[in-house]
Structures are given as structure tokens and as C-alpha cells.
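Undergrad: predicted model, plus sequence, below.
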Amino acid sequence: MADPKQVRAGMGILVLRDGKVLLGKRHDDPEKASSALHGEGHWTMPGGKLDFGDTFLGGAVREMKEETGLDLVNPRVFCVNNERVADAHFVTVGVVDESVVGEPQVMEPDEITEWRWFPLDQLPTPLFAPSAKILRCYQEQVLTLPED
């Protein structure tokens with residue numbers, strides 16, 4: 001786990017098709033769910049940490065391929081949010097792509113147990129907090145959400 005005094009950067013990838021969003025179910029075991037922001041057993045969009053040297057879109061392309069086997073076609077950055085829990089702090093960049101073709105595969109079964117498409121007005125619960133914020137930014141057409 002990252003030093004709690006260090007701010008890290010990550011991204012969430014909002015993949016849309018026919019009014020539906022792609023979400024994955026995080027493993028129920030916290031060790032396998034693999035997130036400093038927690039979220040075991042939650043539904044999440046593809047994404048992850050920005051690696052040293054990554055661009056925002058390059059990191060999103062890499063994470064998408066690693067997690068789903070899909071290639072992003074026309075990704076764009078559309079929001080940024082601040083994520084804080086007791087032991088971690090991330091700046092999360094929201095990337096959206098409405099051009100992905102093919103069906104997602106579970107590429108990291110120890111972390112994500114399934115991928116499914118959900119209508120934007122019928123989202124599952126619980127939602128991983130960073131993914132929920134990115135979805136709100138998209139729906140409300142805002143760059144960021146007010147911080148608590």
C-alpha cells in the first residue's frame with residue numbers, strides 16, 4: 001500500500017455503449033480487490049493507478065487492455081476528482097470512450113470477478129466511490145464535484 005502521506009494519481013474509464021456503462025464487480029476479499037481506496041465487493045469501472053511516465057490517455061489505454069482485453073478507440077479526459085479515505089489520497093482522472101467494440105473479458109479474475117453492461121438509470125449497488133463520482137460528473141456535465 002502507498003505511503004498514506006503521498007498523493008497518488010489514478011483513472012476511471014467510463015465506457016458507454018447504447019446508453020449502458022461497463023462495470024466490473026470487485027472481489028469480496030479485500031486482499032484480492034486490490035485498492036488503497038478499498039471497495040471490495042463494489043461495482044467499479046475499469047481503471048487503476050497512473051504509472052510513472054504515463055499520459056492520462058496512455059494509462060487509460062493500458063488499464064483497459066489489462067483489465068478487459070478491450071482497446072479504447074476515442075478516449076478523452078472529461079473530469080477530475082479528489083478521493084480521500086483514512087489511509088489513502090488519490091487524484092482520479094475520468095476518461096470516457098463511447099467507441100469501444102467487442103465484449104469485455106475478465107483478464108484479472110483475482111481482482112474483478114465479472115464485467116457487465118448497466119443502463120445509466122439502473123446502476124448496481126454498491127458502487128465504488130471514485131466510479132460513482134465519475135458517473136455523476138458525466139451525468140451532471142461538470143468537471144469536478146464539490147469536496148466534502
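TA: Thanks, I have it.

Undergrad: any idea how many residues pack against residue 14?
TA: The number of residues packed near residue 14 is 24, by other C-beta atoms under 10 Å. C-beta: built from backbone N, CA, C; applies to glycine.

Undergrad: look up phi and psi at it.
TA: Torsion angles at residue 14 (phi, psi; degrees, to the nearest 10) stand at phi -90, psi 100.

Undergrad: so who does it touch?
TA: 21, 45, 78, 94-97, 134-135, 138 (C-beta atoms under 8 Å, 6 or more residues apart in numbering).

Undergrad: repeat the analysis, applying 7 Å as the threshold.
TA: If you count contacts by C-beta atoms under 7 Å, 6 or more residues apart in numbering, residue 14 has them with 21, 45, 94-96, 134-135, 138.

Undergrad: beta partners of it?
TA: residue 96 (DSSP bridges).

Undergrad: ok, then the element right after the lowest-mean-pLDDT helix or strand in the chain?
TA: Taking mean pLDDT, DSSP states H and E as the measure, the chain has helix 30-33 as its least confident helix or strand, at a mean of 62. Later in the chain than helix 30-33, the nearest helix or strand by DSSP states H and E is strand 43-44.

Undergrad: ok, residues contacting that next one?
TA: So strand 43-44 is contacted by 23-26, 124, 127-128, 131 (C-beta under 7 Å, 6+ apart).

Undergrad: what about this structure, any weak spots by pLDDT?
TA: Applying pLDDT under 70 to the chain flags residues 1-4, 30-38, 148.

Undergrad: the helices in this protein, which residues?
TA: Using DSSP state H, the helices of the chain run over 30-33, 56-68, 129-140.

Undergrad: between those, which one is nearest to residue 101?
TA: helix 56-68 (12.0 Å; C-beta to C-beta).

Undergrad: just the buried positions in that closest one, please.
TA: Buried residues in helix 56-68, counted by 16 or more other C-beta atoms under 10 Å: 56-57, 59-64, 67-68.

Undergrad: redo the contacts of residue 14 as a markdown table? Include distance to residue 108 and neighbour count.
TA: Shown next, in a markdown table, are the contacts of residue 14 (distance: C-beta to C-beta, whole Å; neighbours: other C-beta atoms under 10 Å):
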| residue | distance to residue 108 | neighbour count |
| --- | --- | --- |
| 21 | 19 | 22 |
| 45 | 14 | 25 |
| 94 | 21 | 28 |
| 95 | 19 | 26 |
| 96 | 22 | 22 |
| 134 | 20 | 29 |
| 135 | 22 | 20 |
| 138 | 24 | 17 |
